[in-house]
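Student: With the input below, show me the fold.
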Amino acid sequence: MYISQVKDRVGEEIELRGWVYRKRESGGIIFVIIRDHTGIIQISIKKDNVDANSWNDANETSIESSIKVRGIIKEDPRAPGNYEIEAKEFKLIHKAEPFPITEYQSPELLLDFRHLWLRSQKMTKIMRIRSYVFRYIREFLDERDFYEITPPILTKAGGETGADLFEVKYFNEKAYLTESSQLYAEAMIFSLEKVYSFAPSFRAEKSRTVKHLAEYWHLEPEMAYYDMYDNMKLQEELVSYIAQSLARDHADLLKDFNVNIEELKGVEPPFPRYSYKEALDILKEKGSDKKWGDDFGVEEEKLLTMDQTKPIFIHHWPSEIKAFYMPDDPEYPGTVKNADMLAPKGHGEIIGGSERIWKLDELLDKMKKFKLNIENYDWYIDLRKYGSVPHSGFGMGVERVIKWLLNLDHIRDAIPFPRVINRVKP
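Tutor: Have a look, this model is predicted:
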């Protein structure tokens with residue numbers, strides 16, 4: 001059984017397997033705290049209650065050794081979690097060497113030993129929540145008749161700007177690790193109508209902020225016949241579903257990160273919506289000198305969201321600072337039909353979405369303005385020749401969502417093995 005189940009078996013004899021989290025001796029009793037993926041529990045081993053092999057194994061065991069224990073569950077308010085196992089049998093499966101991670105280690109050392117630091121209580125809980133977030137995303141989209149697709153990771157062209165790509169040798173050609181699966185998802189809507197890809201993306205941005213990764217998990221839905229507002233509605237419903245599901249099912253885990261459960265329950269549609277122009281006015285009132293055509297960085301995102309309790313949309317950005325595939329909006333000259341979703345409390349952008357240019361002449365004009373190599377996009381251009389339709393989509397950086405939901409200081413803790421500008425190991 002798992003540690004989380006012991007509270008229902010008080011007074012019974014049970015068996016657990018796990019790893020040693022802490023160990024101490026007191027008055028002829030060995031106290032071992034063990035962990036599994038559900039939590040920790042204390043074991044008391046008294047020499048008179050166990051055989052010689054069990055006593056020797058308990059003496060020999062060390063931090064991170066793997067063990068098996070059989071004993072009686074007892075309530076004990078002095079023990080971690082208020083329960084203790086009084087051991088009848090203790091077996092050392094593998095004795096660990098001296099563990100290289102001790103208390104109060106630097107972030108860099110913890111990254112060097114990431115493969116071991118993942119065993120910590122903090123990282124175990126984050127990885128559990130990460131798995132739940134992945135599960136909720138798929139639940140939400142599957143319930144709405146989306147099809148999951150599997151686009152390629154290797155590509156000849158970028159999805160957004162064509163810049164900041166990792167180049168790789170592909171036999172005798174140059175290829176790139178994808179920065180987005182969007183273009184391939186667009187190809188799939190002409191058969192499946194509503195699709196999503198859920199896969200790694202790669203950005204060679206030389207950024208050292210707390211919200212950037214060079215490799216991250218990218219959710220990218222694409223929908224035929226959706227306009228910009230249909231798109232925004234789907235996004236806020238998805239984010240609300242994730243937040244509400246976590247608050248409902250895993251409040252115990254969230255409390256370990258000092259998450260305000262009531263605030264999380266309040267993450268429900270509609271989300272506040274501001275045009276780019278309105279956002280500039282808000283920033284000006286708060287002392288920013290940003291002007292039309294400037295992108296927003298970490299400081300601007302903080303100013304816009306620090307007093308918010310749920311995400312906000314910033315829509316209708318200037319066309320010159322957004323991607324080539326976004327259509328201009330004639331009702332708002334100089335802007336495109338797009339929206340970015342910013343998480344509250346300064347956690348920054350978590351979703352970028354837009355309508356897609358679906359008319360051939362408009363697409364070619366935009367590609368020329370962006371000075372793209374049209375030959376690399378010949379297949380993408382074909383999509384506008386054979387039964388094109390209005391459509392929209394978005395990209396969600398899942399680690400950024402997890403960073404916000406758990407109020408993490410740095411995005412690197414939202415992924416098992418972070419890839420950042422100065423780290424590609426372990």
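Student: quick one, helices of the stretch 101-250 of the chain?
Tutor: Counting by DSSP state H, counting those that start in this stretch, one finds helices in the stretch 101-250 of the chain at the ranges 107-112, 114-117, 121-143, 182-192, 228-249.
Student: Tabulate the ones you listed in JSON lines, adding columns for distance to K291 and mean pLDDT.
Tutor: All C-beta spots, glycine's among them, are computed from the backbone N, C-alpha and C. Listed next are the helices of the stretch 101-250 of the chain as JSON lines, based on distance: least, C-beta to C-beta, whole Å; pLDDT from 0 to 100:
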{"stretch": "helix 107-112", "distance to K291": "36", "mean pLDDT": "96"}
{"stretch": "helix 114-117", "distance to K291": "42", "mean pLDDT": "98"}
{"stretch": "helix 121-143", "distance to K291": "37", "mean pLDDT": "98"}
{"stretch": "helix 182-192", "distance to K291": "29", "mean pLDDT": "97"}
{"stretch": "helix 228-249", "distance to K291": "24", "mean pLDDT": "98"}
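Student: need those helices in TSV with distance to K337 and mean neighbour count, can you?
Tutor: Conversion of the helices of the stretch 101-250 of the chain to TSV gives the following (distance: least, C-beta to C-beta, whole Å; neighbours: other C-beta atoms under 10 Å):
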stretch	distance to K337	mean neighbour count
helix 107-112	41	14
helix 114-117	41	15
helix 121-143	22	17
helix 182-192	15	19
helix 228-249	4	19
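Student: Take the ones you listed and write them to CSV, including distance to E86.
Tutor: Listed next are the helices of the stretch 101-250 of the chain as CSV, based on distance: least, C-beta to C-beta, whole Å:
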stretch, distance to E86
helix 107-112, 35
helix 114-117, 30
helix 121-143, 24
helix 182-192, 57
helix 228-249, 32
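Student: for those helices, which one sits closest to R384?
Tutor: With C-beta to C-beta as the criterion, R384 lies closest to helix 182-192 of the helices of the stretch 101-250 of the chain, at 9.9 Å.
Student: Can you name every helix or strand that the closest one contacts?
Tutor: Applying 3 or more C-beta pairs under 8 Å, 6 or more residues apart in numbering; DSSP states H and E, one finds that helix 182-192 contacts strand 147-149, strand 194-202, strand 215-224, helix 378-382, strand 391-397.
Student: Give me the contacts around it.
Tutor: Residues outside helix 182-192 that contact it (C-beta atoms under 8 Å, 6 or more residues apart in numbering) are 147, 149, 151-152, 157, 159-160, 195-197, 220-224, 325, 356, 377, 379-380, 383, 386-387, 389, 391, 393, 395.
Student: hang on, the earlier thing: tell me the most buried of the helices and strands packed on helix 182-192?
Tutor: Of the helices and strands packed on helix 182-192, the one with the most neighbours on average (mean count of other C-beta atoms under 10 Å) is strand 391-397, at a mean of 25.
Student: Specify the angle between it and helix 228-249 in degrees.
Tutor: Interaxial angle of strand 391-397 relative to helix 228-249 (axes from the mean of the first three to the mean of the last three C-alpha atoms, to 10 degrees): 40 degrees.
Student: next one: strand 391-397 to chain centre, how far?
Tutor: Centroid separation for strand 391-397 versus its chain: 16 Å, with C-alpha atoms, centre = their mean, to the nearest Å.
Student: just checking, next helix/strand downstream of it?
Tutor: Per DSSP states H and E, strand 391-397 leads on to helix 398-405 as the next helix or strand towards the C-terminus.
Student: Can I get that following helix as PDB, trimmed to CA atoms?
Tutor: C-alpha atoms of helix 398-405 as PDB (Å, rounded to 0.1, in the frame of the first residue of the first chain):
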ATOM      1  CA  VAL A 398       2.500  24.600 -19.900                       C
ATOM      2  CA  GLU A 399       5.500  25.200 -17.500                       C
ATOM      3  CA  ARG A 400       4.500  28.900 -17.300                       C
ATOM      4  CA  VAL A 401       1.000  27.800 -16.300                       C
ATOM      5  CA  ILE A 402       2.400  25.500 -13.600                       C
ATOM      6  CA  LYS A 403       4.700  28.300 -12.400                       C
ATOM      7  CA  TRP A 404       1.700  30.500 -11.900                       C
ATOM      8  CA  LEU A 405      -0.600  27.900 -10.300                       C
END
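Student: residues making contact with that helix?
Tutor: The contact list for helix 398-405, computed with C-beta under 8 Å, 6+ apart, reads 126, 129-130, 133-134, 137, 211, 213, 216-219, 239, 242-243, 246, 254, 259, 264, 343-345, 347-350, 408, 410-411, 413-415.
Student: Stretch 206-214 too?
Tutor: Residues outside stretch 206-214 that contact it (C-beta under 8 Å, 6+ apart) are 166, 202-205, 298, 347-349, 399-400, 403, 409-412, 415, 418-421.
Student: ok, of these, which come out buried?
Tutor: Among the contacts of stretch 206-214, the ones that count as buried by 16 or more other C-beta atoms under 10 Å are 202-203, 347-349, 399-400, 403, 411-412, 415, 418-420.
Student: Would you reformat the residues you listed as a markdown table and include distance to R35 and pLDDT?
Tutor: Formatted as a markdown table, the buried ones among the contacts of stretch 206-214 follow (distance: C-beta to C-beta, whole Å; pLDDT from 0 to 100):
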| residue | distance to R35 | pLDDT |
| --- | --- | --- |
| F202 | 34 | 95 |
| R203 | 35 | 93 |
| H347 | 29 | 96 |
| G348 | 33 | 96 |
| E349 | 36 | 98 |
| E399 | 25 | 98 |
| R400 | 29 | 98 |
| K403 | 25 | 98 |
| I411 | 25 | 97 |
| R412 | 23 | 97 |
| I415 | 21 | 98 |
| P418 | 23 | 97 |
| R419 | 27 | 97 |
| V420 | 28 | 94 |
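Student: List just the nearest of those residues to V6.
Tutor: Distance to V6, by C-beta to C-beta, is smallest for I415 among the buried ones among the contacts of stretch 206-214, at 31.1 Å.
Student: so who does the closest one touch?
Tutor: Per C-beta under 8 Å, 6+ apart, neighbours of I415: R130, L213, Y216, W217, E399.
Student: Wait, the fourth one touches S197, no?
Tutor: No: W217 is beyond contact range of S197, at 10.6 Å (criterion: C-beta atoms under 8 Å).
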